[in-house]
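# What shape does this take:
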Amino acid sequence: MAHAPIILFGIGEIEEGAVKVTQYLLRDIAEELPALMLTREHFKKDSAVISYNGRCFDIPYLNNRLAYYGEREVRFSLHADLLHPTRKLFRDEFPDCRLETVEEYIPTFSRGADVPGYLVPVYYQRYLLRKDLEILRPVVEHNTLDVANLACLLNYETEMLYG
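Okay, the predicted model is just below:
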């Protein structure tokens, strides 16, 4: 999987007190490099990045894909990976600290019927065969919730820690 293309990029930015989610979905694998370049533009040298396991997975994976194309890595000044404070706050309360589990236990999250992350490649393969973007709608919605829920989790944990 370390060399598999990234098929959907999701970036959340706070604008005027609201989370704005931008996504780049590959209609074809050949669109990965342009999507990588668009995604990299969201990372500024003086920006802060918030992720969930992004320090160990998302950012290295993104940089691996950029390196594959001979492009420079993403740069930012601060990275807050919410997995670590979540583990410290909830390790004794939750069975595990996977994002799906955390979302079940924290009342600010609402997902409803959702595509499990492990099925995303199956949906994408189905899309590649049929070229019907509707097949990917649940995947895009799942990713939107992943990104937006990071802001909710950050707010929730900040309230717990600082009132």
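
# Next SSE downstream of the host helix or strand of Leu129?
Assigned by DSSP states H and E, Leu129 belongs to helix 120-130. Later in the chain than helix 120-130, the nearest helix or strand by DSSP H and E is helix 137-162.

# Just name whatever secondary elements that following helix is in contact with.
When contacts are defined as 3 or more Cβ pairs under 8 Å, 6 or more residues apart in numbering; DSSP states H and E, helix 137-162 sits against strand 8-15, strand 18-25, strand 48-51, helix 83-90, helix 99-105, helix 120-130. All C-beta spots, glycine's among them, are computed from the backbone N, C-alpha and C.

# which of the residues in the first one are buried?
Buried residues in strand 8-15, defined by neighbour count with 16 or more other Cβ atoms under 10 Å: Leu8, Phe9, Gly10, Ile11, Gly12.

# pull the CA atoms of the helix-or-strand element of the chain with minimal mean pLDDT into PDB?
Within the chain, confidence by mean pLDDT, DSSP states H and E is lowest for helix 99-105 among all helices and strands, at a mean of 88. Written as PDB, here are the backbone C-alpha positions of helix 99-105 (Å, rounded to 0.1, in the frame of the first residue of the first chain):
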ATOM      1  CA  LEU A  99     -11.200   7.600  14.900                       C
ATOM      2  CA  GLU A 100     -14.400   5.500  14.300                       C
ATOM      3  CA  THR A 101     -14.400   4.500  18.000                       C
ATOM      4  CA  VAL A 102     -13.800   8.000  19.300                       C
ATOM      5  CA  GLU A 103     -16.700   9.200  17.100                       C
ATOM      6  CA  GLU A 104     -19.000   6.700  18.700                       C
ATOM      7  CA  TYR A 105     -18.300   7.800  22.200                       C
END
